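[1] Provided below for reference: sequence and predicted model.
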Amino acid sequence: MRTAIYARVSTPGQAQAQTIEQQLSRLRAHIKEKHWSLEPEHVFVDNGHSGAKLNRPGLDNLRDRAALAEFDVVLVTEPDRLARNYVHQMLVLEELEKLGIRVGFLDHPMSDDPNDRLLLQIRGAVAEYERTLITDRMRRGRLTKYRAGKLLPWGRPPYGYRVDPDHPRDPDGVRLDEAEATSVSQMFEWYLEPGVTLYRVAKRLTDLGLPTPTGKARWSVSTVRSILTNHAYTGVAYANRLRVVPSKRRLSALRPIGKGESAVQRPKEEWIPIAVPAVVPQNVFDQVQAKLSLNQQKAPRNNKAHPYLLRGLVSCGMCRLSAHARTLHSDKYHYYVCKGRTDALRTAPGERCKSRYIPTPQLDELVWQDLCMVLTQPEIIAYELERAHGGHWAPQELQARIDTLNQAESLLKHQQARLLEAYLASVIDLEEFERKRSELTRKQKALATQRLQLEMTVVERVELSGMASSIETFCMQVRPVLEHATFAQRRQLVELLIDRVVVTENNVEIRYVIPTQPDGPHVPFCHLRTNHR
């Protein structure tokens, strides 16, 4: 019996406590007792991943291998390790069952009996209820302690503060680190000096050789900003100030969005104040916030003093960072300049980008001419959509998987024919023939299921073909204004139709966005790609 095993722990602390090894040891012992086989690549582990989500690398790998019929049974210590949400449990169990793969639990063995399945569902529902109940109780308990002033809102104390190591969340144990607190106070004073920016403060700290809050040698603008916007330095730390929401923006349009989560502020009436030692006066903190707001309005991405057609849309193809517009020599020369080239905090350790300055007029004109060509020749878009409708637009990896499935199905048909020949020639008996035929049939069903999934993926991607008529209508509407379009009209079209312009040496790649609805949200496409990798 070909076997796979799956183990999971929820927190890194549990992973370090070797509970993963305990689970694997029990599972391997059971396999040895049953005289089953286990290949090293069929050991699937998720360290520090919550069972409340299905998005786990180990589980995803197990499901992908199961679709290829690489094993016959999956062993798990208990249902909670597979998933805490009973709906997720049933989803995975039914998926594996359709592939002809049985799932076994050491602590709660399950058969095909309806009573066992009902019991599994009840256990999953109870586990989900308990998890939700515990989470809610912990949240309400924390809020009660916050309001009573008995709990700090810090997982780690901010730069300049120290806490009692035996009671790190006790507000009574908070004290100032004199050296770091002096540096914080100095940061506020420096930033209020005329002409000083966050970047200059970060560079000054780096030049002085002061280590960052995490012990690094180079200070970043984001680290300085987080210190200058931290209310705790005024003597009041706020709990329940932030909430987690799905991310919609990224620092670079060409880089992954990260964990897919970001924090936003709650309404101020929901904040819970907790007294801590003060570092700067309230009036100084307020002045810094006012300057931060003003400087943000004057930032290059928000500066509209010069007519940059591609403002905020250009990226460097070499280092994958954005390229900001810059004017040099008394408004005589205009360029798009890669951030990785001009940031001294990056160039200090030799990480400076080697890309050249990009002349703004030439790039703006090149992109505008290409955009006009696309809008005046909608057959270009129609041709690409026709390719999608024909299935040729499937990604290379997807097409390769389809080819592999075709080869595997042909091989199985050949094996079935050889098996029948062996039986008719009395090389094998009826029992052996039935056993091998059942195994081949199970593999064929697994391949058929995987083919269906791939075909559904292709169908989802080729449904874009239905947009051809609406796109042609859109092109006809904007075509008359192209020749005499004002800068504002050009900018509006560029923001609507272009996702990103990537410049690599002498090559320019223009990434267009097809509007699916005339009244759709005008949100930069790169901010919506949460699955971008």
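    Done, it's in.

[2] quick one: the strands in the stretch 251-400 of the chain?
    Secondary structure of the stretch 251-400 of the chain by DSSP state E, counting those that start in this stretch: the strands cover 261-265, 272-275, 314-316, 323-328, 333-338, 358-359.

[3] mean pLDDT added to those strands, as JSON lines?
    Below are those laid out as JSON lines (pLDDT from 0 to 100):
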{"stretch": "strand 261-265", "mean pLDDT": "79"}
{"stretch": "strand 272-275", "mean pLDDT": "92"}
{"stretch": "strand 314-316", "mean pLDDT": "88"}
{"stretch": "strand 323-328", "mean pLDDT": "82"}
{"stretch": "strand 333-338", "mean pLDDT": "87"}
{"stretch": "strand 358-359", "mean pLDDT": "89"}
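
[4] out of those strands, which is the most enclosed?
    Per residue and on average, the most neighbours among the strands of the stretch 251-400 of the chain fall to strand 314-316, with a mean of 25 (mean count of other CB atoms under 10 Å). Bear in mind the C-beta positions are built from the backbone N, C-alpha and C, glycine included.

[5] how far out from the middle of the chain is it?
    Taking CA atoms, centre = their mean, to the nearest Å, one finds strand 314-316 lying 21 Å from the centre of the chain it belongs to.

[6] swap in stretch 316-324?
    Using CA atoms, centre = their mean, the offset of stretch 316-324 from its chain centre is 20 Å.

[7] can you check stretch 54-73 too?
    Taking CA atoms, centre = their mean, one finds stretch 54-73 lying 21 Å from the centre of the chain it belongs to.

[8] dump the strands of the stretch 251-400 of the chain to a markdown table, plus distance to residue 418.
    Shown next, in a markdown table, are those (distance: least, CB to CB, whole Å):
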| stretch | distance to residue 418 |
| --- | --- |
| strand 261-265 | 54 |
| strand 272-275 | 73 |
| strand 314-316 | 56 |
| strand 323-328 | 61 |
| strand 333-338 | 61 |
| strand 358-359 | 63 |
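
[9] of all those, which one is nearest residue 513?
    Judged by CB to CB, the one of the strands of the stretch 251-400 of the chain that comes nearest to residue 513 is strand 314-316, at 14.9 Å.

[10] where in the stretch 251-400 of the chain is pLDDT low?
    Applying pLDDT under 70 to the stretch 251-400 of the chain flags residues 251-260, 296-305, 329-331, 343-351, 381-400.

[11] how about a cut-off of 50?
    391, 393 (pLDDT under 50).

[12] all helices of it, in order?
    282-297, 339-342, 344-347, 360-376, 379-389, 396-424 (DSSP state H, counting those that start in this stretch).

[13] toward the C-terminus, what is the element adjacent to the one helix or strand in the chain whose mean pLDDT sits lowest?
    In the chain, the helix or strand scored least confidently by mean pLDDT, DSSP states H and E is helix 12-16, which has a mean of 51. Using DSSP states H and E, the next helix or strand after helix 12-16 towards the C-terminus is helix 19-34.

[14] mind saving the C-alpha coords of that following helix as PDB?
    Written as PDB, here are the backbone C-alpha positions of helix 19-34 (Å, rounded to 0.1, in the frame of the first residue of the first chain):
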ATOM      1  CA  THR A  19       5.500  18.200  18.000                       C
ATOM      2  CA  ILE A  20       5.900  17.700  14.300                       C
ATOM      3  CA  GLU A  21       8.500  15.000  14.900                       C
ATOM      4  CA  GLN A  22       6.200  13.400  17.400                       C
ATOM      5  CA  GLN A  23       3.400  13.200  14.800                       C
ATOM      6  CA  LEU A  24       5.800  11.900  12.100                       C
ATOM      7  CA  SER A  25       7.100   9.200  14.500                       C
ATOM      8  CA  ARG A  26       3.700   7.900  15.300                       C
ATOM      9  CA  LEU A  27       2.700   7.900  11.600                       C
ATOM     10  CA  ARG A  28       5.800   6.100  10.500                       C
ATOM     11  CA  ALA A  29       5.400   3.500  13.300                       C
ATOM     12  CA  HIS A  30       1.900   2.800  12.200                       C
ATOM     13  CA  ILE A  31       3.000   2.400   8.600                       C
ATOM     14  CA  LYS A  32       5.800   0.000   9.700                       C
ATOM     15  CA  GLU A  33       3.200  -2.000  11.700                       C
ATOM     16  CA  LYS A  34       0.900  -2.300   8.700                       C
END
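
[15] pLDDT of that helix, averaged?
    Averaged across helix 19-34, the pLDDT comes to 88.

[16] repeat for stretch 77-92
    Averaged across stretch 77-92, pLDDT comes to 80.

[17] to residue 80, which of the helices of the stretch 251-400 of the chain lies closest?
    With CB to CB as the criterion, residue 80 lies closest to helix 396-424 of the helices of the stretch 251-400 of the chain, at 32.8 Å.

[18] pull out the buried residues from that closest one.
    For helix 396-424, burial by neighbour count (16 or more other CB atoms under 10 Å) applies to 401, 402, 405, 408, 412, 419, 423.

[19] again with stretch 432-452
    Those buried within stretch 432-452 under the rule 16+ other CB under 10 Å are 433, 436, 443, 444, 446, 447, 449, 450, 451.

[20] can you tell me which of the residues you listed lies closest to residue 5?
    Nearest to residue 5 among the buried residues of stretch 432-452, counting by CB to CB, is residue 446 at 19.4 Å.

[21] dump stretch 447-455 to PDB, keeping only the CA atoms.
    Below are the C-alpha coordinates for stretch 447-455, written out as PDB (Å, rounded to 0.1, in the frame of the first residue of the first chain):
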ATOM      1  CA  LEU A 447      -6.100  11.800 -14.600                       C
ATOM      2  CA  ALA A 448      -9.600  12.600 -15.900                       C
ATOM      3  CA  THR A 449     -10.300  14.600 -12.800                       C
ATOM      4  CA  GLN A 450      -7.000  16.600 -13.200                       C
ATOM      5  CA  ARG A 451      -7.900  17.100 -16.900                       C
ATOM      6  CA  LEU A 452     -11.300  18.500 -16.000                       C
ATOM      7  CA  GLN A 453      -9.600  20.900 -13.600                       C
ATOM      8  CA  LEU A 454      -7.200  22.100 -16.200                       C
ATOM      9  CA  GLU A 455      -9.900  22.500 -18.800                       C
END
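
[22] got the contact list for that stretch?
    67, 68, 69, 98, 99, 398, 401, 402, 405, 408, 409, 412 (CB atoms under 8 Å, 6 or more residues apart in numbering).

[23] wait, which of the residues you listed is closest to residue 201?
    For the contacts of stretch 447-455, the nearest to residue 201 is residue 398 (48.6 Å; CB to CB).

[24] quick one: the longest strand belonging to the chain to helix 19-34, angle?
    Longest strand of the chain, by residue count under DSSP state E: strand 37-46. Angle of strand 37-46 versus helix 19-34, following axes from the mean of the first three to the mean of the last three CA atoms, to 10 degrees, is 160 degrees.

[25] just how off-centre is strand 37-46 within its chain?
    26 Å.

[26] who are the packing partners of the helix or strand just after it?
    As assigned by DSSP H and E, the chain's next helix or strand after strand 37-46 is helix 57-67. Under the contact definition 3 or more CB pairs under 8 Å, 6 or more residues apart in numbering; DSSP states H and E, helix 57-67 sits against strand 2-8, strand 37-46, helix 86-98, helix 430-462.

[27] change it to 6 Å
    Applying 3 or more CB pairs under 6 Å, 6 or more residues apart in numbering; DSSP states H and E, one finds that helix 57-67 makes contact with strand 37-46.

[28] show me what the strand it packs on is packed up against.
    strand 2-8, helix 57-67.

[29] need these in JSON lines (columns: distance to residue 497 and mean pLDDT).
    Output for the helices and strands packed on strand 37-46, formatted as JSON lines (distance: least, CB to CB, whole Å; pLDDT from 0 to 100):
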{"stretch": "strand 2-8", "distance to residue 497": "45", "mean pLDDT": "91"}
{"stretch": "helix 57-67", "distance to residue 497": "35", "mean pLDDT": "87"}
